[in-house]
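> Sequence and computational prediction follow.
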Amino acid sequence: MATLDTVLGPLRLANPLLSASGTFGHEDEMAAWIGLREPGMVVLKTVTLHPRKGNPPPRIVEVPGGILNSIGLPNEGVDHLIAVTLARMRGRCAALMVNVAGERLPEFGVIAGKLARAHRERPDDFQAIELNLSCPNVESGFSFAKSPELARECVRLVREQTDLPLFAKLSPNVADIVEIADACRAGGADGFTLINTALGMALDWKTGRPKLGAGHGGFSGPALKAQAVYLVHAVAKKLALPIIGAGGVETAEDVMEMLAAGAHAVQVGTATFRDPLALRKMAERLPALLDEVGARDPGEQTGRAHRAARRDGGTAQGSAAP
Ligand SMILES: Cc1cc2nc3c(=O)[nH]c(=O)nc-3n(C[C@H](O)[C@H](O)[C@H](O)COP(=O)(O)O)c2cc1C
């Protein structure tokens, strides 16, 4: 039977199923439901340099095919993460990735400096950094993922401070995600997380008011998967760095599809809200699906779509016109 051992750039993981930032508690809340060692890597909620309160409620509304959220990155700040959260998580996860965002460009370097110091003191506390360049739910827009120059600079500022594995999490709300990903590569990223939520809005048609307290938010869930698969495929076609696929993954079949598009691992977010055990169920079923296609591990499924397209003479890469 296939193993779930996963190579994700410089990381070796027990399986390719990661929790998605912001959907798996801020600290150890999910331990009430599922073992914290079950995800190949736990990804923490985004932290910023300073504490943030987040957006006014309602922060989540259900829409067909998924949910809209406008949480607004409430968090206690990076000093709290280092002093409290990392201590609480210590030794409890198979691997841990912290997720950070700067509200202003220089903050990326400051946050990374603090994390680098913490990592030097306790190298086992966390194994990687995910840069949230892309949260659509905050007033400033945190729009670093919209400009190649800004995205490259964010990554560079972090890279200057640390050699830790660094994944740039990108937004689908851009004209050309490959250009942004390439800029992150130039800045020193080890890989990408694709994708964060897509911009969305839901209105009460009687009052004309938005259903989310913040007006608009980010769409996630099963209906996001087609866009996520497309963007993972597009980046994998052009760039050789490892990709963590995220967006609408609910089943082991979805995981296989994301890997086929070019991902080396996946994150599971909204599915956890419907079923806190979703990730466990995917891990249980995945080896049989790998066996079905003759893959000995997830890495052998990675990029199947690109190999098939080459065999077929490139037809799967043709025009998007209907
Ligand atoms: C309620 C909620 C909170 C989220 N918070 C964060 C966050 O703090 N940082 C981040 O990088 N992504 C955040 N995300 C985005 C997810 O990590 C993920 O990229 C996205 O939801 C797509 O995956 P999914 O369809 O499996 O949920 C959040 C998503 C949701 C639904």
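Looks like it came in fine. Residues are numbered from 1 along each chain as shown.

> so what's the residue nearest the centre of the chain up against?
Nearest to the mean C-alpha position of the chain, by Cα atoms, centre = their mean, lies residue 193 at 4.6 Å. Remark: with contacts taken as Cβ atoms under 8 Å, 6 or more residues apart in numbering, residue 193 is in contact with 130, 167, 168, 169, 170, 243, 244, 246, 267. C-beta coordinates here come from the backbone N, C-alpha and C atoms, glycine included.

> which phi and psi does it have?
As for residue 193, its main-chain torsions (degrees, to the nearest 10) stand at phi -110, psi 120.

> pLDDT score for the closest residue to it other than its chain neighbours?
Counting by Cβ to Cβ, 6 or more residues apart in numbering, the nearest residue to residue 193 once its immediate chain neighbours are dropped is residue 169, at 3.9 Å. Per-residue confidence (pLDDT) for residue 169: 97.

> Which strand or helix spans residue 169?
strand 166-170 (DSSP states H and E).

> can you pull the buried residues of the helix or strand following that strand?
Counting by DSSP H and E, the next helix or strand C-terminal to strand 166-170 is helix 177-187. Neighbour-count burial for helix 177-187 flags 177, 178, 180, 181, 182, 183, 184, 185, 187 (criterion: 16 or more other Cβ atoms under 10 Å).

> try stretch 68-76
The neighbour-count check on stretch 68-76 (16+ other Cβ under 10 Å) flags 68, 69, 70, 71, 72, 73, 74, 75, 76 as buried.

> Go back to those and keep what's next to the ligand.
Filtering these for proximity to the ligand by Cβ under 6 Å from any ligand atom leaves 69, 71, 73.

> Can you pull the phi and psi angles for the first one?
It stands for residue 69. The phi/psi pair for residue 69 (degrees, to the nearest 10) reads phi -130, psi 150.

> Local confidence estimate at it?
97.

> That one against residue 197, yeah?
Yes - Residue 69 is in contact with residue 197 according to Cβ atoms under 8 Å; the separation is 7.0 Å.

> Point out where the protein drops to low pLDDT.
135-142, 314-322 (pLDDT under 70).

> Which one of the residues in it is closest to the ligand?
Closest to the ligand within the chain is residue 22: 1.9 Å, counting by Cβ to the nearest ligand atom.

> quick one: that residue and residue 46 touch, right?
Yes - the pair residue 22 / residue 46 is scored as a contact, 6.4 Å apart, by Cβ under 8 Å.

> List the residues that contact residue 114.
Neighbour list for residue 114: 78, 79, 82 [criterion: Cβ under 8 Å, 6+ apart].

> With neighbour count and distance to residue 33 added, can I get the residues you listed in a markdown table?
Below are the contacts of residue 114 laid out as a markdown table (neighbours: other Cβ atoms under 10 Å; distance: Cβ to Cβ, whole Å):
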| residue | neighbour count | distance to residue 33 |
| --- | --- | --- |
| 78 | 24 | 27 |
| 79 | 15 | 28 |
| 82 | 21 | 26 |
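
> I'd like those residues laid out as a markdown table, including distance to the ligand and secondary structure.
Formatted as a markdown table, the contacts of residue 114 follow (distance: Cβ to the nearest ligand atom, whole Å; DSSP: H, G, I helix; E, B strand; the rest coil):
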| residue | distance to the ligand | secondary structure |
| --- | --- | --- |
| 78 | 13 | helix |
| 79 | 18 | helix |
| 82 | 17 | helix |
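
> Can you tell me which residues in the protein are near the ligand?
So the chain meets the ligand at 20-23, 45-46, 67, 69, 71, 73, 99, 132, 135, 169, 196-197, 220-221, 224, 246-249, 268-271 (Cβ under 6 Å from any ligand atom).

> Swap in 5 Å and give it another go.
20-22, 45-46, 69, 71, 132, 196-197, 220, 224, 246-248, 269-270 (Cβ under 5 Å from any ligand atom).

> Return the subset of those lying in helices.
Counting by DSSP state H, those place residue 270 in helices.

> Please, where are all the helices along the stretch 101-250 of the chain?
105-121, 148-159, 177-187, 225-238 (DSSP state H, counting those that start in this stretch).

> I'd like these written out as TSV, with distance to residue 29 added.
Shown next, in TSV, are these (distance: least, Cβ to Cβ, whole Å):
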stretch	distance to residue 29
helix 105-121	22
helix 148-159	27
helix 177-187	30
helix 225-238	25
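
> For burial, what's the neighbour tally of residue 83?
12 (other Cβ atoms under 10 Å).

> cool, and residue 49?
19.

> close enough to count as contact, residue 217 and residue 66?
No - look at residue 217 against residue 66 with Cβ under 8 Å: they stay out of range, at 11.1 Å.

> Neighbour count for these two, which is higher?
Neighbours per residue (other Cβ under 10 Å) separate residue 217 from residue 66, with residue 217 holding more: 30 against 23.

> give the contact list for that one.
Contacts for residue 217 were tallied using Cβ under 8 Å, 6+ apart; they are 59, 61, 68, 69, 70, 136, 137, 197, 199, 200, 201.
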